[in-house]
Each structure stands twice: as C-alpha cells, then as structure tokens.
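> need a 3D model of the sequence below.
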Amino acid sequence: MQHRRPATFRLRDVEPRKEQQLVISRRSFLITANAACATLIGSVRRLGLPTAAATPAWPSPAEWDTLRAQVGGRLLTVTSPLQACAGDSSGADCAAALENLQNPFFNEDQPGATQTMGWVDAWDAALSPYAVAAETAYDVAAAVNFAREHGIRLVVKGTGHDYLGRSNAADSLLIWTHNMRDVTVHDNFTISGGSGPGVPALSVGAGTRWLEAYGAATQHGRYVQGGGCTSVGAAGGFIQGSGFGSFSKRFGTGAAGVLEYEVVTADGTIVLANEAQNQDLFWALRGGGGGTFGLVTRATLLLHDIPRLAGLVTGSIKAHSDDAFRALIGELIPFSAANLNNPQWGEQITVGADNALELFMTFLDLSEVDARGSWQPLLDWVAAQPENYAAAVNFRAFPFESLWDSAWWEDADPDFITRDNRPGQPASQYWWAPNQSEVSQFICSYQSRWLPMHLFDPASAEVLADALFAASRQHRFTLHFNKGLSGADADAIERTRRTPVNPVVFDSPALLIVSTHQERVYPGLPGHEPNLTQGRASAAKVDAAMKIIRAVTPTSGAYSNEADYFEPDWQTSFWGPHYPRLLEVKRKYDPGNMFRVHHGVGSEGGG
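Presented below is the predicted three-dimensional model:
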C-alpha cells in the first residue's frame, strides 16, 4: 500500500546553478499553467496547503503513531507560517502573519519558519511534513532511529539561522530542538572521564539562544564566547561551524570554548564527546560543521572572567572623490594592522561604493579616551585634508555587564534594540536593531574570504588597496576584524588551533564579506515574491567583486557559516588540510550519511 505524504512547503522549484558559473540556466520560478486548475494546485503547494504526494517508502499512519508514542506525543504536523496568506495575500490576516515573520523569536517559535527565506537559484524554504518537538536526548534518538529505519531525510532546526538552507528540507523529518533550553552554570566543571582541576563552565541545551547564555553567565560574573546576534543558537551550527563573535580576538571561536558535547549519533546512541572520550568526534564537532556528524543535544562551554568595559565606535569617513577614497583605503590598511589587529578590537568596517567607510567596531577594557587614541592616527590624517574628507566618528564605553541588559539599552540607546513585545515573552528578550534586515531575508549572494597578513605588510599593502578599491566599484563589502585571528590573544589562538577551522584564519587580520539580499519577500506568495532578475544582477556584482579579491588571495579560504552556496573547492576553502581527517570521522560515525547538509563533510554526492 502507498501511504500519502502530507503537503510540503516547497515555495519554488529550483535548479541550482553550477559552481564557478556566473551565467545561470534554470527553470522559471513560476511554472506557466495551461489550465486554471494547474495554476491553483501550484499556488496551494507553494503555501503549504494539503496536496499530498505518494511514495512507496513513506511510513503508514500507524508507524507515525508509534513514533508519536515514543516521543510522548510531541510529533507535530508542520504548518506554514504563511497559512493565513493562502486565500488572500493582501488581507489583514496575511499582513499580520508577515509582520510576525519580522520577529526572529517568533520565527524560532514556529517549527516551519526560518530566518532566511531562500537564496537566488539555490534553495527556497521548505516545510517538513512532520516535526519532533524534542525535549530530551531520548526524543532525538527516537527520531533519528525512525528516520534511519524508514529511509527518511533528517533536518534539524534550533533557531533556523542557517544561510545555506541546512535547517529545512522538503520530504524530511524535522527534529525541532527549540524547547531544549536548559542552562546550567558550573563553578568547577570537570569533563566526564577526565581528571585534573575543574573550570567555570556553562551547559546549554540544543535550543538555547546566545541571549539566554549571556544572561546566565553575566549573572555569575562571567562571560561565554558566542555570537553577536542575540537569537542565534548557542549549541547548534554556530559553534559546530567554528563560530566567530564580536570578541573572538580576545576569546577565540565559540568552538574553541566547547568542553563537552552530548550527542546522538546516526545509530541512535547517546554519547558524550570531549578530550577524554570520543575525542575524534569531539574534534570534528568543534568546527567541522553542523548537521553532519550527529545531533548535539547539550554543549558545555568554558566561562571566562567578565571584561570590565565594552565599547562601540560608530560613524563614517566620507571621501569626496574616487582618488581620495583610494588614498583612504591605502591609509586604512597599515592603520588597521597596527591599531586594530589585537585582542581589544572587533567587528567591522564597511567599504562602500559611495566612497565612504562605515564604522561599527567594538572594543574591550579601554576607556573612551584610550579607544579614541587608538584611532587618532587615522582621524588626524583625515582631519588634515578637509578638502578631501568629512568624518563623523563617535566613541562610547560602558560596563560590559550592561551589554546584554535590555533595560540598560532602553535607557541608554532605545533605538539600538528591538524588544520582543509579544504577550507572555520575557521582558529581557530583544534583538539588535541593525540586524533587522536579516529577518526574513532572501539572499542574492553571500561570500567571504580571509585576508592574509602579508597583504597588510608595506611591500604588499598597495596591492591590497588596489584590490579593495576595485572591488568596491562593483559592490560594497565589509571587513570583519573579529573573524580573523591574526593578533588574537595567545590563549585564544592555542585553543582554536585544536579545532578544524581552516588554519589561514590565524594569519588573517580580517574576513572580507560581500553580500546582498532582498527584504520582506516570500517566494510563491503573490505580491511579495523576490525579484529574481534584480537578484541575479546583484549576485553578478558580488561575483565580480569577489573575483578581484580571490585574485589577490589565491590560497586563502572562506568561513563555512558565512560562505557562498556555490563556493568552489569548498572542502579546502572551509577546512584546508583538515578535510581528509574530517571525512574519516564522518565515515566512522555516520557511514550511511544520515546527517547530510549542503557543503557539509561527506556531501560530495549532494546534500
């Protein structure tokens, strides 16, 4: 008997472009129907309404009921967050649904929602027919066993932040870890099976967000190294893909701080992985990529002494001509190598096609006077040429413990945060206002490249300056100084070297990211669909900019969590010489490739 599969939320059929190819050949995103009935069916499928497809392998209702019983009734039928738009995409109910999707915490509360809606010519958000709303590692193990026994694809969603679409897939069983958010602070943690003195640590469940982890650490006078976005998951793809945060030059990657994982492997076994047991799995999970080696149900993270001060540098430096902007870039390179390539500094400088540098930098344990002093050489150089430049740069220092305090931000700078004002939500729940454009984004292109230190040396600085200026003529880009570990704290480097991140990061002052996206668009929703023509044109400009950067960084690599969907030679780009060992670990713990994602270890046959 063939059992009918519930509807999937496949918004648009996509034929991915081939890697390293700029001219795209693909099917249209709307299939022209010869009959009104066919058009109606297409619309219904795009909105996730009931149109079932049959497959001989799909489990029977009785088999799904068995899984439901095994997980305590927590097997859900996944519905589209755009269900209200099915009948009228211009109505009030649809407008309310679209507004909800601008809240990252709302998206995390829905098993069928994702932070990113898709990527031009790559992927679109897709619903799993069923989700296990896991609360324990045993729920996860039951779901893994069921998927393996029935040949069903598995996907995992904690917060759904992944850019490459790795937390959703049609015709899959979703393991939704949102409710696994226990947080425990340890004054003296010793790894299981280990010996020696303990260390301060923080254990987080698979669904914990960094905002919750930061809050718990701060209450105990500690800091845990994580991501910048408050709604990103603390135990998922972020740390499993290395994980760079604002203060990585001081504390290293998020992965470097992992002390122990609880993991469900592909055979349904719950194991601990640390430096005393399952060491190879532990190593791979600290940077080898999420959704690949097993499903992490708990992570225990190293706690640090909390810094005394944090601070922000914001503003811009505007050049009045192309020649002046090229000169400004030429001055920025030695300045940043001398003044920003150290554990005190992080975050980013955007290099714009409008001949402006936009500043959003963080600093640690510096007063405003000292922070300004670090920037004085560049500011003095700019101030000496008023005919060529205009600068407006602000410095602000504040107690580090206030960084994750929404009440402090409401008083100090209420426009810098957006509160989650839904009824019943914690008063402390917020996200950074500058991150708003990333919520429900549709990516046109997103690429990254580490810039090696030798290009900042006097002998090569002009080559880098020419490349950065030429790239800015194609598309604006951002230099992330916290995502390069040249100049980082020695302990941070030592711990990060024990992870599989591409070693080029240790010789790179910054990671260059060039990207473009469309906001508030939803594939398959009439009146709200992305403009694919514009998207492809924007992607071509990003490709042109990155081609210039690749030419001067031929042996560099990309950050796997923030990389091109079409990254060429991604194995080497993401992990360098570590890839063969990662592949061995993959084959050992997941020989049947149960956990597979796009450009994940072992996904050469397709993810």
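> could you use CA atoms for every contact and neighbour count after this?
OK.
> and the gap between His186 and His220?
Separation of His186 from His220 (CA to CA, to the nearest Å): 10 Å.
> so where's the stretch 251-400 of the chain uncertain?
Within the stretch 251-400 of the chain, no range satisfies pLDDT under 70.
> which one of His186 and His220 is surrounded by more residues?
His186 (19 against 14; other CA atoms under 10 Å).
> quick check, that one in a helix?
No. Counting by DSSP: H, G, I helix; E, B strand; the rest coil, His186 is not found in a helix; it is strand.
> tell me who's in contact with it.
Counting by CA atoms under 8 Å, 6 or more residues apart in numbering, His186 touches Val199, Pro200, Ala201, Leu202, Ser203.
> name the element the last one belongs to?
Using DSSP states H and E, the element containing Ser203 is strand 199-205.
> contacts for the helix ranked longest in the chain next, please.
The residue-count maximum for a helix in the chain (DSSP state H) belongs to helix 532-552. Outside helix 532-552, the residues that touch it by CA under 8 Å, 6+ apart are 22, 120, 444-447, 449, 463-464, 467-468, 470-475, 514-518.
> of these, grab the buried ones for PyMOL.
Buried members of the contacts of helix 532-552 can be picked out in PyMOL with the line below, counting by 16 or more other CA atoms under 10 Å:
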select buried, resi 120+444+445+446+447+449+464+467+468+470+471+472+473+474+475+514+515+516+517+518
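> run through the strands of the stretch 101-250 of the chain in chain order.
Using DSSP state E, counting those that start in this stretch, the strands of the stretch 101-250 of the chain run over 116-119, 123-124, 130-133, 153-157, 172-176, 183-189, 199-205, 222-224.
> could you list the low-pLDDT ranges of the protein?
For the chain (pLDDT under 70), the answer is 1-56, 607.
> can you give me the domain boundaries for it?
Per the record, the chain has its domains at 3-87+114-176, 183-306, 309-574, by automatic domain parsing.
> from these, which stretch is densest packed?
domain 183-306 (a mean of 23; mean count of other CA atoms under 10 Å).
> how far does that domain sit from its chain's centre?
16 Å (CA atoms, centre = their mean, to the nearest Å).
> cool, and stretch 158-176?
13 Å.
> please apply the same query to stretch 323-337.
30 Å.
> stretch 200-219: end-to-end distance?
End-to-end for stretch 200-219, by CA to CA: 13 Å.
> quick one, which of the domains of the chain is nearest to Asp590?
Nearest of the domains of the chain to Asp590, taken as CA to CA: domain 183-306 at 5.5 Å.
> about what we covered before: of the strands of the stretch 101-250 of the chain, which approaches Leu75 most closely?
When the strands of the stretch 101-250 of the chain are compared by CA to CA, strand 130-133 sits nearest Leu75, at 4.6 Å.
> need the nearest residue in space to Gly311, chain neighbours excluded.
In this structure, Gly311 finds its nearest non-sequential neighbour in Ala397, 4.0 Å apart by CA to CA, 6 or more residues apart in numbering.
> the one you found looks like it's in a strand, true?
Yes. Counting by three-state DSSP, Ala397 is located in a strand.
> now it: how far from Ile349?
Counting by CA to CA - Ala397 and Ile349 are separated by 19 Å.
> helices or strands up against the strand holding Ser203?
strand 183-189, helix 210-219, strand 295-305 (3 or more CA pairs under 8 Å, 6 or more residues apart in numbering; DSSP states H and E).
> need the strands of the stretch 101-250 of the chain in JSON lines (columns: distance to Thr362).
Converted to JSON lines, the strands of the stretch 101-250 of the chain look like this (distance: least, CA to CA, whole Å):
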{"stretch": "strand 116-119", "distance to Thr362": "26"}
{"stretch": "strand 123-124", "distance to Thr362": "34"}
{"stretch": "strand 130-133", "distance to Thr362": "37"}
{"stretch": "strand 153-157", "distance to Thr362": "30"}
{"stretch": "strand 172-176", "distance to Thr362": "34"}
{"stretch": "strand 183-189", "distance to Thr362": "27"}
{"stretch": "strand 199-205", "distance to Thr362": "24"}
{"stretch": "strand 222-224", "distance to Thr362": "16"}
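> so which of these comes closest to Pro434?
For the strands of the stretch 101-250 of the chain, proximity to Pro434 was assessed by CA to CA; strand 116-119 is nearest, at 16.1 Å.
> just checking: what are the partner strands of that closest one?
Each strand paired with strand 116-119, and its direction, by DSSP bridges: strand 123-124 (antiparallel), strand 441-451 (parallel).
> save these as a markdown table, and put in distance to Ala537 too.
Formatted as a markdown table, those follow (distance: least, CA to CA, whole Å):
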| stretch | distance to Ala537 |
| --- | --- |
| strand 123-124 | 17 |
| strand 441-451 | 9 |
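> looking at the ones you listed, which is closest to Phe251?
strand 441-451 (18.8 Å).
> angle of that closest one against helix 532-552?
Inter-element angle recorded for strand 441-451 and helix 532-552: 10 degrees (by axes from the mean of the first three to the mean of the last three CA atoms, to 10 degrees).
> can you name every helix or strand that the next helix-or-strand element following strand 441-451 contacts?
Once the chain leaves strand 441-451, the next helix or strand it forms, by DSSP H and E, is helix 461-474. In terms of contacts (3+ CA pairs under 8 Å, 6+ apart), helix 461-474 is packed against helix 322-339, helix 532-552.
> so for Trp345, which of these sits nearest?
helix 322-339 (8.7 Å).
> what sits up against the helix or strand that comes right after that closest one?
Sequence-wise, the next helix or strand downstream of helix 322-339 (DSSP H and E) is strand 345-351. Contact with strand 345-351 is made by 246-249, 340, 357-364, 472, 476-483, as judged by CA under 8 Å, 6+ apart.
> swap in 7 Å and give it another go.
With CA atoms under 7 Å, 6 or more residues apart in numbering as the test, strand 345-351 has contacts from 246-247, 249, 357-364, 472, 476-482.
> helices along the stretch 1-150 of the chain, start to end?
Taking DSSP state H, counting those that start in this stretch as the criterion, the stretch 1-150 of the chain contains helices spanning 36-46, 61-70, 92-100, 104-109, 137-150.
> for the longest one, name the packing helices and strands.
In other words, helix 137-150. Under the contact criterion of 3 or more CA pairs under 7 Å, 6 or more residues apart in numbering; DSSP states H and E, helix 137-150 touches no helix or strand at all.
> now that helix, how far from the chain's geometric center?
With CA atoms, centre = their mean, you get 26 Å for helix 137-150.
> again, but for the second one
On the basis of CA atoms, centre = their mean, the separation between the geometric centre of helix 61-70 and that of its chain is 33 Å.
> tell me which element Val514 is part of?
Using DSSP H and E, the element containing Val514 is strand 510-518.
> hang on, the earlier thing: does the residue nearest to Gly311 touch Thr314 like I think?
No. The pair Ala397 / Thr314 is not scored as a contact, 11.7 Å apart, by CA atoms under 7 Å.
> joint contacts of those two?
Common neighbours of Ala397 and Thr314 (CA under 7 Å, 6+ apart) do not exist.
> residues in contact with Ser448?
By CA under 7 Å, 6+ apart, the residues touching Ser448 are Leu511, Leu512, Ile513, Val514, Ala558, Tyr559, Glu562, Ala563.
> hmm, 10 Å instead?
477-480, 511-515, 546, 549-550, 557-564, 567 (CA atoms under 10 Å, 6 or more residues apart in numbering).
> part of a strand, is Leu312?
Yes. Checked against three-state DSSP, Leu312 lies within a strand.
> need phi/psi at the nearest residue to it once chain neighbours are set aside.
Closest residue to Leu312 apart from its sequence neighbours, by CA to CA, 6+ apart: Thr362 at 4.6 Å. The phi and psi values for Thr362, taken as degrees, to the nearest 10, are phi -110, psi 150.
> tell me what Thr362 is bridged to.
Assigned bridge partners for Thr362, using DSSP bridges, are Leu312, Gly346.
> I'd say it and Ala397 touch.
Yes. Using CA atoms under 10 Å, Thr362 is in contact with Ala397, at 9.4 Å.
> shared neighbours of the two, which are they?
Going by CA under 10 Å, 6+ apart, residues that sit against Thr362 and also against Ala397 are Ala310, Gly311, Leu312, Val313, Ala371.
> no further questions, thank you.
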